[in-house]
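# Return a 3D structure for these sequence lines:
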Amino acid sequence: MKLAADANVLLSAVIGGRAKLALHHPQIGEIFTTEHTFAEVEEYSLVLARKKRMPSDILLLALAALPVTLVKRDQYAKNMAEAKRRIGPRDPDDVD
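The predicted structure follows:
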């Protein structure tokens, strides 16, 4: 089974939240996220590290170690209109 992970899932996983269990579930063969989403996670992880009183370098290492395949925008650009139609009204920041 393949899994598309958004920023909240990845952030939860790097701080040891329950999402970590999903990312390492034996039925999950491959996990994908967009480069856009991963950049958002990198940026917010520094804020999260301060909030959780964790060393930011440890959090960034945990992020880098996630078993996630990054997908470039050109690989899904043709599907953006459909994604915007489905997700845009609810959460325009998650269209990518």
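
# Any buried residues in the lowest-mean-pLDDT helix or strand in the chain, and which?
None of the helices or strands of the chain scores lower by mean pLDDT, DSSP states H and E than helix 19-23, at a mean of 82. Across helix 19-23, burial judged by 16 or more other Cβ atoms under 10 Å covers Ala19, Lys20, Ala22, Leu23. Glycine gets a C-beta too; all of them are placed from N, C-alpha and C.

# Strand partners (parallel or antiparallel) of the helix or strand just after it?
Counting by DSSP states H and E, the element after helix 19-23 in chain order, helix or strand, is strand 30-34. Sheet pairing of strand 30-34 (DSSP bridges) gives strand 2-4 (parallel), strand 68-71 (parallel).

# got those as CSV, with mean neighbour count, mean pLDDT and distance to Glu35 columns?
Below are the strands paired with strand 30-34 laid out as CSV (neighbours: other Cβ atoms under 10 Å; pLDDT from 0 to 100; distance: least, Cβ to Cβ, whole Å):
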stretch, mean neighbour count, mean pLDDT, distance to Glu35
strand 2-4, 12, 88, 13
strand 68-71, 15, 94, 5
